[in-house]
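**Student:** Can you look at this prediction? I've put the sequence above it.
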Amino acid sequence: MATEHLTKATFTEKVYNFELNKDWKFEGTLPCIIDFYADWCGPCKMVAPILEELSTEYAGKVNIYKIDTEAEQELASVFGIRSIPSMLFCPVDGQPQMAVGALPKDSLIKAIDDVLLNKQAN
């Protein structure tokens, strides 16, 4: 399974419907990472193949989504995205956590294991 690009419509259905809910309410069944990126961003291009690998390695456990901040400016503003890449880690239960910058693969794996998968074990 590859990373999936989200629009506002698919975001509100699969992740968080910010128009209906003021407080965070995760809509998905699997925890997810959302990569806020832009096509012109060099560090974003470096992270993209790593996220593709992780989407295969964690298939069935974690969904990995991408949001083009140029095309989806409203979604970027909802989360106050100021610099890219920014990644939002969304556990099934609990609050999402934002990480800013191009994280290396080992850091992403640690974040997935700590933030997304360990919370499920609780």
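**Tutor:** Sure, I can see it.
**Student:** Quick one: the helices in the chain, in order.
**Tutor:** Assigned by DSSP state H, the chain shows helices spanning 8-14, 42-57, 73-78, 105-111, 118-121.
**Student:** Which of those sits closest to Ala99?
**Tutor:** Distance to Ala99, taken as C-beta to C-beta, is lowest for helix 105-111 among the helices of the chain, at 6.4 Å. Glycine gets a C-beta too; all of them are placed from N, C-alpha and C.
**Student:** Apart from its neighbours in sequence, what residue is nearest the residue nearest in space to the middle of the chain?
**Tutor:** The chain has Ile34 as the residue nearest its centroid, 1.3 Å off, counting by C-alpha atoms, centre = their mean. Once flanking residues are discounted, Ile34 sits nearest to Leu88: 4.3 Å by C-beta to C-beta, 6 or more residues apart in numbering.
**Student:** What's the per-residue pLDDT of that neighbour here?
**Tutor:** As predicted, Leu88 sits at a pLDDT of 97.
**Student:** swap in Ala2?
**Tutor:** Here, the pLDDT recorded for Ala2 equals 80.
**Student:** Might one say that it is in contact with Glu52?
**Tutor:** Yes - shown here, Ala2 and Glu52 form a contact pair, counting by C-beta atoms under 8 Å, at 6.2 Å.
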